[in-house]
Every structure is written in structure tokens, then in C-alpha cells.
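> this is a predicted model, with the sequence first.
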4 protein chains.
Amino acid sequence: MIGMPTKSQAAPNRKPPRHPPQQARSRRTREKLIEAAVECFERHGFDDTTTAMIASEAGVAVGTVYNYFTDKREIILELFEATDREIADEVIAQLDPASWRGSIDPRDRTRSLIDVIFHAQRLRPGIQRILWAQYFKDPEFREPFEALRNRIRVAIDAFIVAVDEAGLCRSGLDREMASFVVLNAVQWNSSQAFLNEDPAFRDAAADETAELVARYLFV
Amino acid sequence: MIGMPTKSQAAPNRKPPRHPPQQARSRRTREKLIEAAVECFERHGFDDTTTAMIASEAGVAVGTVYNYFTDKREIILELFEATDREIADEVIAQLDPASWRGSIDPRDRTRSLIDVIFHAQRLRPGIQRILWAQYFKDPEFREPFEALRNRIRVAIDAFIVAVDEAGLCRSGLDREMASFVVLNAVQWNSSQAFLNEDPAFRDAAADETAELVARYLFV
Amino acid sequence: MIGMPTKSQAAPNRKPPRHPPQQARSRRTREKLIEAAVECFERHGFDDTTTAMIASEAGVAVGTVYNYFTDKREIILELFEATDREIADEVIAQLDPASWRGSIDPRDRTRSLIDVIFHAQRLRPGIQRILWAQYFKDPEFREPFEALRNRIRVAIDAFIVAVDEAGLCRSGLDREMASFVVLNAVQWNSSQAFLNEDPAFRDAAADETAELVARYLFV
Amino acid sequence: MIGMPTKSQAAPNRKPPRHPPQQARSRRTREKLIEAAVECFERHGFDDTTTAMIASEAGVAVGTVYNYFTDKREIILELFEATDREIADEVIAQLDPASWRGSIDPRDRTRSLIDVIFHAQRLRPGIQRILWAQYFKDPEFREPFEALRNRIRVAIDAFIVAVDEAGLCRSGLDREMASFVVLNAVQWNSSQAFLNEDPAFRDAAADETAELVARYLFV
DNA sequence: TATGAATGAGAGTTCATTCAT
DNA sequence: GATGAATGAACTCTCATTCAT
């Protein structure tokens, strides 16, 4: 049994388990295809990327693409899900009160939240643009996008509740809307900040966004 | 400016405005085409709208579309310019300190700003989506878009300067970033609020956004 | 008004009047396409004829094919309808008792029936094979085929009734089934006879088929 | 024929029947594949059945299909041969004068002929259609098909000869064409009768077809 | 100017077949 | 023998754009 340590942790079981990746080669090809797709999308955008490009970039035949994905759109959906599950997990972990050791200063936590959301943008910035374009264009894309937003919003809400219970919220805060407003402010500031290449600008934007949120939430 | 007779002779191919009624019909056709395009874009999105659809919706032949626009993209560019000039003018007018009569209370002004940006969303919400999608997708589209954003940002900045000079800003405000952060917060909150059909929700979102901005800017 | 004699007899008005053939060029192109399709189908069969082949044979671009037909199948359907309306009209005219002048000898009439059905096969024999193949393969094709068969069957039935009323039928004839049985015997004998290239064979087959039917129907 | 020991050494690559059980499994797989193919062809037709479907229906991998058949067409050829050998054997056995015991009444024999051909239709009616379609479409398919038809025709001819020698044929019968005409009449009447689900209709059609043939052949 | 038939490059997608394991 | 991932030629169909009328 020595040498099969990864096996038991496998089986993530995506919706239709299209390919129970029995074979290592298969798994490898799928990864190559995703990587190739990312590369192509970043270079040409979604619409101007052809399946032939992706195949050639991955070093396989066109038909192979269709052994792994039903169509081009499924690739970008998968890409979105992979990218954003990662983001959401990180964000939500940061916001979880259970994870707060030592420092309970909500300003620190807020700063962490902003950092983690801003930080998430740094992953494949080219892809973020593609994903936003798709969000605005493709109604079917909107749904998983909103689902992600909602997960984050709920986490923000829980965070605010925790802060409030610690008596640190300003009085008169409309908790119902607060998470909505904060989420939007952070989401769009981070997106726009990362359309600017300058790291200093990005940092300054993160600082100010933190300030914006903190002044809104706390005493 | 009096009498420019030679000019029209110098450019012989420049439609001599011989028949104003024809010009009027021409303008009318152009408008019909734009309206038809809006209709189609809202229904099917930009990419899935064919020039044939637009022509048919406008009640003209395909060829006619190309008598008025060099290509499909020009239509949406024109659309963007029309839509957003409208928005920008309104927003900027509201923010101009010169327009403030009586009430100089910056909280009122902030609320006006938020209102006017939220209000802009109600214009052809389907088209806003299309424009955003185009913004993220088409590099050539980015430029005029950024230009617009920048006009608004500059106006916000001027507004903050005016407020600051009146001694009403909180100390330590990074004026450089403030307009960026505020613009983003307001822009995205209004966009997202208008994906919700409920007017009460939209109002509440506007209120909270105003609160967010006011707490950030003022003492 | 001189020189437009055909116009008033036009407008056959097919189901969706896809192309009210306003322009002569348009009508001409459509004809070219049909002819080209026949040519290609005869040479390569239906499935192995590509739309590109048809276009090239017709001397037009691929896209043009799709200006006139929604897809390849519509071409063969149209072809079937054109071919077989022609056949049916001829057959039914022959069988109509109202058309009998002078000779009322049912044997002559039967012979006419067989002749006209056999004769119909001589139109584009290559196409007949294609149509039969399609009949067996494509359920949607079966329907118009059966409709044609039924028109002929009804005509045969009327013919038998007329013969019967003239007291020329043999006694004990099951008129219910007779038209079915006769139709099948004639249809398949003519089809199979025309898979043989030899005209003499075809004639002999026609003779014997007439004999078969006459002995079955008459005293 | 005694002792051919060297032969098996001479053809070393010819699977030495070492393991009868494996051969049995092999035969079983082949049968599974044929059955699966029949199933698929009936459901989707020949062209729309993919080798992948057949493999999956048979519960084997695609590659396995190619271990048993050189290509897709070979499957249907084999199917044709199996189906129609069955039919032909039955038909020909019935028509063989040597099999006539007792009753030599040709009307009974005719009825047997019709019955046996009609009866053959009940075998996999879906497949019959597929085979006919292939017959009209694929020239290579035509040959074995014609061969079968010819075997039956020859048998019918022999039957007529026997009847004639017994002095029971009507005078003036063109024996050359008679078998052709009778074969077609029976073949197509049975095919069409079986497109109707009603057993009573089928029986009536068989009766009338028998009448048709009997009146044609006999005094 | 308006028309709408014609264009044709090029996209997405399929699937019979191969072959390394 | 069995497997199933990989192949890639080939097909259908689309649609922005042109241009003769």
C-alpha cells in the first residue's frame, strides 16, 4: 500500500462525474487543457479563443477537448468554479470568528478581509476580466457568480454580527444592508484596483477601502 | 463665421445639404437603427444580435445598416456614448459646486450624488449590462469607458476639494484615492441594487451607500 | 401587359413562403441549386453529398445554399415534393373516370395506370433510389411519402368503384383491400423494374404487372 | 481428408484453439455486440448509431468492437446476412416441391409462400427498414441483397415450373417475368402490411395478396 | 440612398478508427 | 483480448460584410 497516499483524498466528485479520472494520463490531460484554456483566454479573450487554439496550446487534438468538456463554455465555467471556490474559501476562512486567535480588533479583521479579497485578484488577473465579461454577458454564468457573492455576503454578515455582539459596531447600523453595501464596495474596488498595473496603487486602494469599511461599521 | 461658400465646393463628396427633408429622413433612419439595436441587444446580447436582426427590427434592409455605421461595433460604441454622456452630464452637473444654491450641507450633496448615479441605472438596464460586458471584453472599448469614469472621478474629486475647503472633511483623508474609492463603492452598489427589482430594496441600498460615503468623507 | 403571362399562374405558396421570389435572379439561383443538388445526390447519394458540393456544382457560395434552404434535408424534401407531386398528378388524372372518353375498357385503363406509374420512374432514376433510401431512413420523410401513397390509393379505389359500377369487376373482390394490394404490387414492381437498365425488361415487367392486376380485378 | 497435421503449423498466426472456454467467451462477446447493434440501429437508425453506443450497449469498450469487426459497416452486413439467411431458408424450404407431402394443391402452396414471407417481417421489423435503407444507399450492399432476392426468385420460379408441369398454370403465362412480378408483389405487400400494427389488417393483406398471386398464376 | 442576394472564411463539433497500455 | 484516451479529417452552418441593381 506504500506509494498510494493521494488516492484516498481524491474523488472531488463534480456534478456529473464526467470523468472519474481513473488514469493518471487522463488527469494530466485535463490539467493541460485547463492551463491551455487559461493561457488562450488571457491572450485573446473568450470569444476569440477557438477550441482549436486550446487544443494546440495543450498539445492535443481538437477532439480531445471534447472528451473532457461538452463545449467551450463548460471550460470557462469550470475555470470560474475552480478560481472562485479558492477565493471564497480563503475569504470565508478569514472572516470566521472561530479562527480569531488573540487579536479581536475588528479593524484588523476588516483589513484581513480586504486583503484577502484584493489578494484573490492577483491570481490570473487576465482571467478575472474574462470572468467579469462573461458575468455580464451570459445569464447562465450569472447564477454561480451570484452564489459565490452570496456565500461571501453571508460570511460578512456573520462577521458583523460577531463584531456587534462584542459591542464594537457603531450604533444605528442597518445590519440588513450593511453586508450588501460592504461586499459591493470591496468587490468593485478590488476589481478596479487590479485593472491598474501599479502595485503601489493597488495597495493604496486596499488601504482606503479598509478605511471606508471600517468607518462605516465601527464606533 | 459669415459666408463659407468655398468650403462646400472644396469637399465635393461631402453630402451637400441640398434637401433638408432627406436629411431629416436620414436622421430618422439612424435613430430607428439605434433604437432597433438597443431592442435587439437587450433581448439577445451584443454577440447574439445579428445585423440582419437590427435591420429587420428597424424595418430596413441589411445594406442600409452599413450606410449609417461602418460596422456592428460602431453601433454599440455610439450607443455607449449616447447613454453615458447622458449619465455623466447629469452626475457632473449635480456635483458641480457652482450649482449649489442655498444648502451647502455636504451630506445633502453626497446624497444627491448617490441619487443621481442610482437614478442613471434606471435608463435601459439591459444596455448597461451589455456595455459592461463590452468594457471587460473589448480593449478598444476600454478607453472611452475609462474616460467617462475619469470625468466622474474628477468631478467627485472637485466636490471633495470644495467640501474640504469648507473645512468639513475629516482629517487624514487621502484625497488622491478618495474619489476612486467612492466612485467604485457607489458605482457597484448602484449596479447591484438595480439587479433587484424591489424599489424598497433599491432605496435602502441608496441610503446605506450614502451613509458609507458620508462617514468616509466627513468629520 | 404583354410579356408577363406566367406571372398570374405563379405563387404556389409553399408552407413558409421563405422566399417570395421577387427577383428573377433569386428564382434562377434556387433552380440552379435544385439542379445541382439532384446532380450531386445522383452521383454520391444523399449522405455523401456535402452542402459545399451542391454550392460548387451550382456555382455559388456555401452560404447561398442556406439563403434558400434551412438545411440539406429541406432540399431533398423539396425535391421529393416536386418530383412526386408531378407523379401523383399524372397518375390521378389517368385514373379519374371523368377523363375517360371513348374507351371504357377497364383493361385499357389498368394498362394506363401501370404505364403512368412505370413512366414516372423514368424521371431521374438516380433520385428515386435516394428517395427510397430516405423513406426507409428518415421518419419525417415517411409522412409526405405516405401522403402521396394515400392519394394514389384513393384514386385507385375510385377507379375500382367505377369499374365495379360498370359491372366489370370479378365477383367476391374485397374492395377494401384491393386498392392496397394493387398499389403495392404496382409500386414495387415499377421500382424494381427500373433498377434494371434494360428497357425491354422494363417493358416486360410493365406488361406482366398489368396482367397481374387485371386478372385480380376483373371478371 | 485424413490427417492434415502440417496445416496448423503452416499458419502460425491463426489463433490456435487452445482454450475453448475463451473461444466461448469470444463468441459470446460477438453475439452481445450484434445484439447491441440491433438494439441501437432500431432505436436510432444506422447512421445515427455510433460505435461508442454499440460498445456501451454491449458493455464493452469501443476498441473491442474493432476486435470483432473491421468497421461499422461490417456489422450491418453481418446482420443482414444473419437476418436474411434465416428468411431465405424458411421461404425456400416452403417452396421446395420436394417438401410437399400430401396436398399438392398449388393454391395451398401459394398461401404458404405468402405466409412465410409475411411471417418473416415479424422478425425485427425495425431492422428490416434499416436494411432496405442500406440497400438503396450503399452499392456494396446491393449485391448480397440482390443475391438473396435472386435465391427467392429462383425458388419461386422452380415452384411455378412444378405447378406448370402438373398442368395447373393458366395458359400464356410468361414464366420468365412471373417470378419477378410475384416476388415484388408479395415482398412489398408484406412490408407495407407490417407498417400497420393491426393483426387483422395484416391477415387481410395476406389473404388478398394470395388471391392476387393465385389468380395470376393458375387456371 | 435603399435593397437584399451573394459571399466565404471560419467556427464549433462529431465520430470512426487507432494504438499504447 | 480488452481498454478507452487520443486522433483529426471533415462536416454543417453562421453571419458580418459587400456590391450590383
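Cool, the structure landed. Residues are numbered from 1 along each chain as shown, chains lettered A, B, ... in the order given.
> where in chain A is pLDDT low?
Low-confidence segments of chain A, defined by pLDDT under 70: A:1-23, A:97, A:100-104.
> could I get the full set of helices for it?
Remark: helices assigned in chain A by DSSP state H are A:24-44, A:51-58, A:62-68, A:72-95, A:106-121, A:125-137, A:139-165, A:175-193, A:199-217.
> please identify the most buried of those.
helix A:175-193 (a mean of 22; mean count of other C-beta atoms under 10 Å in any protein chain shown). For the C-beta atoms, the positions are set from N, CA and C on the backbone; glycine is no exception.
> can you give me the angle it makes with helix A:72-95?
120 degrees (axes from the mean of the first three to the mean of the last three C-alpha atoms, to 10 degrees).
> next up, the contacts around A:E176.
By C-beta atoms under 8 Å, 6 or more residues apart in numbering or on different chains, the residues touching A:E176 are B:A204.
> from chain D, how far off is it?
53 Å (C-beta to the nearest C-beta, to the nearest Å).
> A:L183 contacts A:A155, correct?
No: counting by C-beta atoms under 8 Å, A:L183 does not reach A:A155; the two are 9.4 Å apart.
> quick one: contacts for A:I92?
Neighbouring residues of A:I92 by C-beta under 8 Å, 6+ apart: A:151-152, A:155.
> need the residues of chain A near DNA strand F, please.
Applying C-beta under 7 Å from any atom of the strand, we find that chain A lies next to DNA strand F at A:19, A:22-23, A:25-26, A:28-29, A:60-64, A:66-68.
> so which of those residues are also by DNA strand E?
Contacts with DNA strand E within the residues of chain A next to DNA strand F, counted by C-beta under 7 Å from any atom of the strand: A:62-63, A:66.
> looking at these, which one is closest to A:H119?
Set against A:H119, the nearest of those by C-beta to C-beta is A:Y66 (35.2 Å).
> what about A:G59, how many residues nearby?
11 (other C-beta atoms under 10 Å in any protein chain shown).
> so who does it touch?
Neighbour list for A:G59: A:32, A:36 [criterion: C-beta under 8 Å, 6+ apart].
> report the central residue of chain A.
In chain A, the centroid-proximal residue (C-alpha atoms, centre = their mean) is A:D84; its distance is 2.5 Å.
> name the nearest residue to A:I34, ignoring sequence neighbours.
A:L79 (6.7 Å; C-beta to C-beta, 6 or more residues apart in numbering or on different chains).
> re earlier: wait, the residue nearest to the centre of chain A touches A:L148, no?
Yes: contact criterion C-beta under 8 Å: A:D84 and A:L148 qualify, at 4.9 Å.
> what about the closest residue to DNA strand F within chain A, distance to chain B?
DNA strand F sits closest to A:G63 of chain A, with a gap of 1.5 Å, by C-beta to the nearest atom of the strand. Distance of A:G63 to chain B, given as C-beta to the nearest C-beta: 26 Å.
> one more: A:L33?
22 Å.
> in contact with that residue, which residues?
A:54-55, A:58, A:60, A:64-65, A:68-69, A:75.
> tell me which of those is nearest to B:A205?
A:I75 (34.6 Å).
> how close does the closest one sit to A:D138?
13 Å (C-beta to C-beta, to the nearest Å).
> one step back: go through the contacts of A:I92 and say which is closest to DNA strand E.
Looking across the contacts of A:I92 and measuring by C-beta to the nearest atom of the strand, the closest to DNA strand E is A:R151, at 29.6 Å.
> thinking again about what came up before, could the helices of chain A go into JSON lines alongside distance to D:F41?
JSON lines is the format used below for those (distance: least, C-beta to C-beta, whole Å):
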{"stretch": "helix A:24-44", "distance to D:F41": "31"}
{"stretch": "helix A:51-58", "distance to D:F41": "31"}
{"stretch": "helix A:62-68", "distance to D:F41": "24"}
{"stretch": "helix A:72-95", "distance to D:F41": "31"}
{"stretch": "helix A:106-121", "distance to D:F41": "53"}
{"stretch": "helix A:125-137", "distance to D:F41": "41"}
{"stretch": "helix A:139-165", "distance to D:F41": "36"}
{"stretch": "helix A:175-193", "distance to D:F41": "55"}
{"stretch": "helix A:199-217", "distance to D:F41": "62"}
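> between those helices, which gets nearest to B:E90?
Per C-beta to C-beta, nearest to B:E90 of these: helix A:175-193, 20.6 Å.
> only alpha carbons, please: show the closest one as PDB.
Taking Å, rounded to 0.1, in the frame of the first residue of the first chain, the C-alpha atoms of helix A:175-193 are listed here in PDB:
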ATOM      1  CA  ARG A 175     -27.200  45.200   9.500                       C
ATOM      2  CA  GLU A 176     -29.600  44.000   6.900                       C
ATOM      3  CA  MET A 177     -28.000  46.200   4.200                       C
ATOM      4  CA  ALA A 178     -24.500  46.500   5.700                       C
ATOM      5  CA  SER A 179     -23.200  43.300   4.300                       C
ATOM      6  CA  PHE A 180     -24.600  44.100   0.800                       C
ATOM      7  CA  VAL A 181     -23.000  47.500   0.800                       C
ATOM      8  CA  VAL A 182     -19.700  46.400   2.200                       C
ATOM      9  CA  LEU A 183     -19.500  43.500  -0.200                       C
ATOM     10  CA  ASN A 184     -20.100  45.700  -3.200                       C
ATOM     11  CA  ALA A 185     -17.700  48.400  -2.100                       C
ATOM     12  CA  VAL A 186     -14.900  45.900  -1.600                       C
ATOM     13  CA  GLN A 187     -15.600  43.800  -4.600                       C
ATOM     14  CA  TRP A 188     -15.600  46.600  -7.100                       C
ATOM     15  CA  ASN A 189     -12.700  48.500  -5.500                       C
ATOM     16  CA  SER A 190     -10.600  45.400  -5.700                       C
ATOM     17  CA  SER A 191     -11.600  44.600  -9.300                       C
ATOM     18  CA  GLN A 192     -11.000  48.100 -10.500                       C
ATOM     19  CA  ALA A 193      -7.700  48.400  -8.500                       C
END
